[in-house]
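> after the sequence you'll find the predicted model.
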Amino acid sequence: METKKMMRSYFFQITAVLFILICLVISALAFTADRVTISRVEQQTEKQSANSVEVSSNALRDSIGNLHEELMGLQLNVKNMSELERTIRETNLLDIDTGFKSFFYYDLKSKKITWFSSEDRQINSRKILEDDDFIQTMTSTDFHMSQRYPLDSDYITYMYVPVRNGSERVGVFGGGLSLMNSIVFRNSLESFDDETIAYLFNSKGEPLSVSRNLVTDEERVLTQSVVDRAFETVEPYDIFSTNKDMYYFARDLKVTDWKILVRTPRSIFYEPVYTTRQQYLVIAALTLVLSLIVGYLMSRQLTAPLLELVQKIEQSTDQKPIELERSGSNEVKTLVSAYNEYAKRMERARVEQLSQQQQIYRQENLASLGQLAAGIAHELRNPLTPVKVALQLLNEEQTKYPDMVALGLTELDRANSLIQSMLDLSKGDSQSMKMAMVDMNEFMSQFKTNVEAQSHTYQADCKIYTPSHMPDLYASKDGLLQVLLNCIRNALQAVQVRGQDGICHVHLHVYTDQFVFIVQDNGVGMTETQLESIGKAFKTSKVDGTGLGIYMSERIIRNHEGKIVFDSKVGVGTTVQIHIPRGREPHEAE
C-alpha cells in the first residue's frame with residue numbers, strides 16, 4: 001500500500017513539474033504572439049480611423065467653409081439693416097437644417113446686438129458678450145466657434161465671423177448652428193461604419209455630435225473618464241483602449257478647434273487574438289496528456305530502487321536498528337548505505353535523549369522538593385506570628401488576656417494542619433483538603449481576631465466589612481483562612497510606608513453563585529511586569545520574601561474551583577478579588 005502511495009506521489013510531482021515547464025514555454029510564445037497581433041490590430045485601427053476622420057474633416061471643412069462664405073457676402077449690407085435682413089431671408093440663412101437656427105449682428109460702434117432670428121431662437125445677449133471666443137473674434141481676422149448653449153430642447157454653437165469695412169472692423173456676425181438639426185453635424189460623421197461610433201467635441205470637451213449608426217442609445221454613452229483621457233494628449237492623434245473598446249482621438253481637424261473621438265469595440269479587431277488563444281489552449285490540453293504519460297514512465301523508473309529498499313525493510317523482524325546488506329543496483333546500494341548510517345545516528349540520539357530525560361526528571365523532583373520545603377517554611381510564619389504576639393501580650397498582662405492564650409493554642413494546631421495541607425498539595429491531590437460546610441459568621445469572627453493580631457504592630461486603618469446575612473460555604477476552612485491572612489499580610493506590608501494614612505480594608509460580598517472577598521490597600525502598588533510574574537514560585541519583589549505565598553494561595557483557590565484576580569497601579573494601591581463558588585454540595589466533593 002505504501003509503495004503505491006510512493007509511486008503515486010512521484011507520478012504527480014513529475015507530471016506537475018513537466019506540465020508547469022511546458023505551460024511556461026507556451027505562455028511565453030502566446031504572449032509574444034498576442035503582442036504581435038495586438039500591434040497589428042492597433043496599426044489597422046489607426047489606419048481605418050485616420051481615413052474616416054480625414055473624410056469627416058473634409059466634410060466639416062466644406063460645410064463650415066460654405067457658411068463662412070455666405071456670411072462674408074453679407075458684409076456689404078451692414079450699413080443698411082433693412083437690406084441686410086432682406087438678404088438674410090432671401091439666402092435662407094435662417095433655415096435650421098442648411099443654415100443657422102439663431103443669427104445676430106453686433107455693431108462695434110453702437111455696442112448693440114441686432115437679432116434677425118425670432119425671439120424663441122435667441123439667447124441672453126450678455127452671455128455672447130462675455131464669451132471668450134466672441135471677444136477674440138473682435139480682435140481677429142478669422143472666425144471662431146463658441147461653446148454650446150442650451151436653447152429649448154436643443155443646443156446651439158455660434159460661428160463668430162468678423163465684419164470689416166476695408167481695413168476697419170465694424171462688427172461681428174453670429175450664426176448659431178443647431179446640434180440636433182444642422183446638416184453640418186448630421187453629415188460630418190457619416191463616413192464611419194455601423195459598428196464604429198464617432199464623437200465630435202469642441203475645444204472645451206463638450207460633445208457636439210455623434211455618428212448616427214445602428215447602435216442603441218445606451219451603447220452611445222461615453223464616460224467622462226474616457227473624455228478626460230483623450231483630452232490629455234498633446235499629439236495630433238492618440239490611440240488608447242479600455243476593457244471593452246479601443247479609441248482613436250484626432251486632436252487637430254484643421255478646421256476650427258473641434259476634435260473627433262472614434263470608438264471601436266475590441267471584439268471586432270481582436271478576433272484574430274481570440275482565435276490564437278484558442279489554439280494555444282488546445283496545445284496546452286495536449287501538453288497535459290503528454291505530461292501524464294511522461295510522468296508515469298519517469299515515476300516508475302525512479303521509484304523502482306526505492307520500492308526494493310522498502311521491501312527489505314518490511315521483511316526485517318529484528319527490534320534493533322535495521323542494518324541492511326548493500327546489494328542490488330547501484331541506486332539501492334547508495335540508499336542502503338545512507339539508511340544504515342542514518343539508523344546508527346538515530347540509535348545514538350535515542351540513547352542520549354533517554355539519558356537527558358532521566359536527568360531532567362531528577363532535577364524536577366529536586367525542584368519540587370525545594371518548593372515544598374520553602375512553602376512550608378513560609379506558611380509556618382503566618383500562624384506563628386499571632387502566637388508570638390499573643391504570648392508577648394500574655395507576658396505583659398497575664399490576667400487580662402485569657403483569650404490570647406486560647407488563640408495561641410489554636411494557631412499552633414492550625415500550623416500543624418497547614419503543614420499537612422501543603423504536603424497534600426505538593427502531591428497534586430485536590431481531594432486531600434478537608435472540605436466541609438463552614439459557618440461563615442463564625443469564620444469571619446475568627447478571621448477578624450487573626451487580623452487584629454496581625455495588624456497590632458502596624459499603624460494602618462484595617463477594617464472588615466461583611467453583609468448582615470452570611471450563608472454557610474462549602475470550603476476548606478484552614479485553606480481559606482490561609483489565603484485571606486496571606487493577602488492581609490501583603491497589604492499591611494504594602495501600606496507600611498504610609499504610616500497612619502495606610503488603608504487595608506476587607507469586603508465580603510455574597511452572591512447567589514459565589515462568595516467574593518475583596519482585599520484593598522493604598523500601598524505602593526505593582527508594575528505591569530510584577531503583575532505578569534505574580535503567582536509564580538520564587539518570584540517576589542520583597543527582600544525577605546520567598547515568592548510562595550501567592551503561589552500557594554492560588555493552588556488552594558484552584559482546588560476550590562475559584563479564582564484570584566489582581567488589579568494594581570504603582571502609587572495607588574492593589575485590589576485582590578477572591579472568587580469562591582458556592583454551588584457545590586458535600587456529596588459532590590466526596
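Ah, there it is.

> let me see the mean pLDDT of the biggest helix by length in the chain.
Longest helix in the chain, counting residues (DSSP state H): helix 2-72. Averaging pLDDT along helix 2-72 gives 76.

> try stretch 459-475
Stretch 459-475 comes out at a mean pLDDT of 90.

> mark out where each domain of this structure begins and ends.
Following the assignment in automatic domain parsing, the chain carries domains at 1-99+182-315, 433-589.

> for those, please prepare a markdown table with the additional fields distance to residue 120.
Every residue, glycine included, has its C-beta placed from N, CA and C. As requested, the domains of the chain are exported to a markdown table (distance: least, CB to CB, whole Å):
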| stretch | distance to residue 120 |
| --- | --- |
| domain 1-99+182-315 | 12 |
| domain 433-589 | 83 |
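
> so which of those domains gets nearest residue 135?
domain 1-99+182-315 (14.9 Å; CB to CB).

> the strands in the stretch 401-550 of the chain, which residues?
Secondary structure of the stretch 401-550 of the chain by DSSP state E, counting those that start in this stretch: the strands cover 436-438, 461-465, 473-475, 503-510, 514-521.

> point out the most buried one among those.
strand 473-475 (a mean of 22; mean count of other CB atoms under 10 Å).

> show me the contacts for the most centrally placed residue in the chain.
Geometric centre of the chain, nearest residue: residue 243, 27.6 Å, by CA atoms, centre = their mean. Shown in contact with residue 243 (CB atoms under 8 Å, 6 or more residues apart in numbering): residue 266.

> helix or strand right after the longest helix of the chain?
With elements assigned by DSSP states H and E, the helix or strand that comes after helix 2-72 is helix 81-90.

> burial measure for the nearest residue to residue 490 once chain neighbours are set aside, as a count.
In space, residue 490 comes closest to residue 549 once its chain neighbours are excluded; the distance is 6.9 Å by CB to CB, 6 or more residues apart in numbering. Residues near residue 549, counting by other CB atoms under 10 Å, number 24.

> isn't residue 549 up against residue 486?
Yes: at 4.7 Å, residue 549 counts as touching residue 486 under the criterion of CB atoms under 8 Å.

> quick one: residue 579 is in a helix?
No: checked against DSSP: H, G, I helix; E, B strand; the rest coil, residue 579 lies outside a helix; its state is strand.

> run through the residues that contact it.
Going by CB under 8 Å, 6+ apart, residue 579 touches 514, 515, 516, 557, 562, 563, 564, 565.

> for the third one, which non-adjacent residue is spatially closest?
I take that to be residue 516. residue 509 (4.5 Å).

> and for the first one?
Once its chain neighbours are removed from consideration, residue 514 has its nearest residue in residue 581; the separation is 5.0 Å (CB to CB, 6+ apart).

> what does the second one give?
Counting by CB to CB, 6+ apart, residue 580 is the residue found nearest to residue 515 once chain neighbours are left out, at 4.6 Å.

> now the one you found: how far from residue 450?
18 Å (CB to CB, to the nearest Å).

> who has more neighbours out of those two?
A direct count of neighbours by other CB under 10 Å for residue 580 and residue 450 places residue 450 higher, at 22 against 19.

> contacting residues around the more buried one?
So residue 450 contacts 386, 411, 481, 485 (CB under 8 Å, 6+ apart).

> got the contact list for the third one?
Residues in contact with residue 481 (CB under 8 Å, 6+ apart) are 414, 443, 446, 447, 450.

> burial measure for the residue nearest to residue 514, as a count.
Around residue 581 there are 16 residues (other CB under 10 Å).

> likewise for residue 172?
24.

> next one: residue 451
Residues near residue 451, counting by other CB under 10 Å: 22.

> picking up where we left off before, closest to residue 221 out of the contacts of residue 579?
residue 565 (66.1 Å).

> gap between the residue nearest to the closest one when sequence neighbours are not counted and residue 514?
Ranked by CB to CB, 6+ apart and with sequence neighbours excluded, the top spatial neighbour of residue 565 is residue 577, at 4.3 Å. From residue 577 across to residue 514, the span is 11 Å (CB to CB).

> just residue 436 next, same as before
Relative to residue 514, and taking CB to CB, residue 436 is found at 18 Å.

> how about residue 130?
Using CB to CB, which is the criterion applied here, residue 130 is 84 Å from residue 514.

> same question, residue 573
To residue 514, residue 573 is 24 Å away according to CB to CB.

> can you give me the helices in the stretch 151-300 of the chain?
For the stretch 151-300 of the chain, the helices defined by DSSP state H, counting those that start in this stretch occupy 183-188, 217-220, 224-231, 266-269, 271-315.

> do the same with the stretch 451-590 of the chain
With DSSP H, counting those that start in this stretch, the ranges of helices along the stretch 451-590 of the chain come out as 477-494, 528-533, 549-559, 586-589.

> helices or strands next to the third one in the packing?
With contacts taken as 3 or more CB pairs under 8 Å, 6 or more residues apart in numbering; DSSP states H and E, helix 549-559 sits against helix 330-379, helix 402-426, helix 477-494, strand 563-569, strand 573-581.

> between the ones you listed, which gets the lowest average pLDDT?
helix 402-426 (a mean of 60).

> give me the neighbour count for residue 153.
6.

> let me have the contacts of residue 481 in JSON lines, extended by distance to residue 167.
Shown next, in JSON lines, are these (distance: CB to CB, whole Å):
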{"residue": "414", "distance to residue 167": "128"}
{"residue": "443", "distance to residue 167": "122"}
{"residue": "446", "distance to residue 167": "125"}
{"residue": "447", "distance to residue 167": "120"}
{"residue": "450", "distance to residue 167": "123"}
